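Student: following is a predicted model, sequence given first.
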Amino acid sequence: MQFDTLILGAGAAGMMCAAHAGGRSTLVIDHARAPGEKIRISGGGRCNFTNLYAAPENFLSQNPHFCKSALSRYTQWDFIALVEAYGIAWHEKTLGQLFCDGSSKQIVAMLRTEMERAGAALWLQTSVAGISHDGTRFTAQLEREGTRHEVHARNLVLASGGKSIPKMGATGLAYDIARQFGLPLTETRPALVPFTFTDGRFATLSGVSLPVRATADTGRFDEALLFTHRGLSGPAMLQTSSYWREGTPITLDLDPGGTFYDALRDQRARAGRHLLSTELARHLPARLVAALPALTGLALTGNLADQSDAALTTLCDTLRNWHLTPSGTEGYRTAEVTLGGIDTDALHARTLEARDLPGLYAIGEAVDVTGWLGGYNFQWAWASGVAAGRAIATSSSTA
């Protein structure tokens with residue numbers, strides 16, 4: 001069977017690429033029963049499809065400049081325009097995060113329609129048994145419904161994502177094929193993932209949440225923290241996990257607004273007989289205040305009147321610089337994305353085509369470009385898919 005382009009993966013990047021690839025013919029394959037499964041489950045079923053503030057500085061990569069070309073040529077405003085053209089209602093939640101008013105299935109349906117308009121074929125429940133290249137074209141051995149199919153294509157697009165959420169079938173296929181054709185990989189790690197503490201120190205606080213400033217290496221985020229039976233989660237922790245390495249600490253600022261010291265001094269002047277712990281519970285969850293002595297060594301005893309300015313300074317400094325070293329993370333099982341991937345040095349930034357093997361493309365999560373939490377990774381999927389698709393369409397028209 002002859003196709004102009006074979007795309008491995010019917011996720012966000014692969015479907016977007018197929019919608020723009022044009023050319024003689026495009027085949028998209030996926031092992032799942034339905035396309036866009038990560039889209040479907042994202043955002044609690046409403047798909048955080050992009051972010052108003054998406055920009056290159058919101059992405060991690062060994063080459064921080066690589067993503068600039070694709071992101072500048074297909075922006076969040078372009079995708080918003082597409083969503084609106086389909087009459088899909090949306091809203092901003094927080095920090096520029098855009099969600100469907102209705103269902104994430106609307107985004108999947110939109111992409112399927114875009115693919116159909118472009119003439120792309122979709123094979124589901126299809127696996128790759130082997131890939132080869134003879135110097136002119138790729139040959140793929142595909143298994144579909146118990147039947148082996150041999151497919152030939154001038155272009156091969158790696159759009160099967162990374163290793164995150166293996167229960168959805170993530171296998172790292174794109175990495176295996178990249179290695180086969182000589183594309184180097186950077187270190188891959190689970191990212192946007194909760195932290196774990198094997199000593200169970202936070203078990204009694206499970207379910208407690210509060211706004212914090214969380215820091216790991218160069219990553220600093222003002223978002224919500226959620227205590228769990230196993231450790232720390234919530235947007236602040238997911239964000240910093242992308243910057244964290246084993247054996248290194250994270251820092252929590254429980255007073256990101258820096259208001260506790262003045263508030264406690266003021267209350268001391270007005271109601272010095274009030275218990276320090278009671279007053280602190282006006283600013284932090286009561287369960288957390290009760291647990292802080294065991295967790296931090298703070299002595300939250302006595303009345304406010306017993307606290308000197310120096311004691312309040314020490315208290316507030318401790319709350320603003322709580323250093324913790326996680327045991328690890330929840331791993332790929334719950335990680336939203338994979339950090340790292342196909343080395344960008346091996347790809348053209350404008351087209352996502354391999355430098356040393358024309359016709360081979362890598363897009364989306366498979367590439368060493370990882371966005372922050374909040375719609376950024378979808379925007380990279382759209383932008384990289386469009387960049388590769390347009391490059392394929394241009395090459396097909398001149399072939």
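Tutor: Here it is on my side, so go on.
Student: so which residues of the stretch 51-200 of the chain form strands?
Tutor: For the stretch 51-200 of the chain, the strands defined by DSSP state E, counting those that start in this stretch cover 59-60, 90-92, 97-100, 120-123, 126-133, 138-144, 147-158, 189-191, 195-196.
Student: and these, which is most packed in?
Tutor: Highest mean neighbour count among these (mean count of other Cβ atoms under 10 Å): strand 189-191, with a mean of 25. Where you see a C-beta, it was placed from the backbone N, CA and C, and this is true even at glycine.
Student: now for it, which elements pack on it?
Tutor: Counting contacts by 3 or more Cβ pairs under 8 Å, 6 or more residues apart in numbering; DSSP states H and E, strand 189-191 packs against strand 337-339.
Student: who does the strand it packs on pair up with?
Tutor: In the sheet, strand 337-339 lines up against strand 189-191 (antiparallel) (DSSP bridges).
Student: so L232 is in contact with A203, correct?
Tutor: No. With contacts defined as Cβ atoms under 8 Å, L232 does not count as touching A203, sitting 11.9 Å away.
Student: looking at those two, which one has more neighbours?
Tutor: L232 (26 against 13; other Cβ atoms under 10 Å).
Student: give me the residues contacting the strand or helix carrying that one.
Tutor: For L232, the host element (DSSP states H and E) is strand 231-233. Residues outside strand 231-233 that contact it (Cβ atoms under 8 Å, 6 or more residues apart in numbering): 194-197, 202, 225-227, 324, 326-327.
Student: low pLDDT regions in the stretch 251-399 of the chain?
Tutor: 397-399 (pLDDT under 70).
Student: and the helices in it?
Tutor: For the stretch 251-399 of the chain, helices defined by DSSP state H, counting those that start in this stretch occupy the ranges 260-270, 276-280, 286-296, 309-320, 376-398.
Student: so can I have JSON lines of those showing distance to T240 and mean neighbour count?
Tutor: JSON lines is the format used below for these (distance: least, Cβ to Cβ, whole Å; neighbours: other Cβ atoms under 10 Å):
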{"stretch": "helix 260-270", "distance to T240": "22", "mean neighbour count": "15"}
{"stretch": "helix 276-280", "distance to T240": "25", "mean neighbour count": "20"}
{"stretch": "helix 286-296", "distance to T240": "18", "mean neighbour count": "16"}
{"stretch": "helix 309-320", "distance to T240": "16", "mean neighbour count": "15"}
{"stretch": "helix 376-398", "distance to T240": "15", "mean neighbour count": "24"}
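Student: what would the ones you listed look like in JSON lines with distance to G341?
Tutor: Compiled in JSON lines, these are given as follows (distance: least, Cβ to Cβ, whole Å):
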{"stretch": "helix 260-270", "distance to G341": "42"}
{"stretch": "helix 276-280", "distance to G341": "44"}
{"stretch": "helix 286-296", "distance to G341": "36"}
{"stretch": "helix 309-320", "distance to G341": "36"}
{"stretch": "helix 376-398", "distance to G341": "11"}
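Student: and of those helices, who's closest to A32?
Tutor: helix 376-398 (16.0 Å; Cβ to Cβ).
Student: what angle separates the closest one from strand 147-158?
Tutor: With axes from the mean of the first three to the mean of the last three Cα atoms, to 10 degrees defining the directions, helix 376-398 sits at 100 degrees from strand 147-158.
Student: picking that back up, out of the helices of the stretch 251-399 of the chain, flag the one nearest A366.
Tutor: Proximity to A366 (Cβ to Cβ) singles out helix 376-398 among these, at 9.3 Å.
Student: packing partners of the closest one?
Tutor: Packing contacts for helix 376-398, counted by 3+ Cβ pairs under 8 Å, 6+ apart, involve strand 2-8, helix 12-21, strand 48-51, helix 68-73, helix 76-85, strand 147-158, strand 360-362, strand 370-371.
Student: hey, which of the ones you listed is tucked in deepest?
Tutor: Note that of the helices and strands packed on helix 376-398, helix 12-21 is the most buried (mean count of other Cβ under 10 Å), with a mean of 30.
Student: chain center to it, what's the gap?
Tutor: Its chain's C-alpha centre and that of helix 12-21 lie 19 Å apart, by Cα atoms, centre = their mean, to the nearest Å.
Student: moving C-terminal from it, which element do we reach first?
Tutor: Counting by DSSP H and E, the element after helix 12-21 in chain order, helix or strand, is strand 26-29.
Student: any idea how far the residue nearest in space to the middle of the chain lies from V108?
Tutor: Centroid-nearest residue in the chain, with Cα atoms, centre = their mean: V337, separated by 4.4 Å. The gap separating V337 from V108 is 19 Å, by Cβ to Cβ, to the nearest Å.
Student: and if you look at L225?
Tutor: Counting by Cβ to Cβ, the gap from L225 to V108 is 32 Å.
Student: quick one, which of the strands of the stretch 51-200 of the chain is nearest to M1?
Tutor: strand 147-158 (4.9 Å).
Student: just the mean pLDDT for the strand holding L232, thanks.
Tutor: The average pLDDT within strand 231-233 is 98.
Student: how about stretch 98-118?
Tutor: On average, the pLDDT along stretch 98-118 is 97.
Student: okay, buried residues for that stretch please.
Tutor: Within stretch 98-118, the residues scored as buried using 16 or more other Cβ atoms under 10 Å are 98-100, 104-108, 110-112, 114-115, 118.
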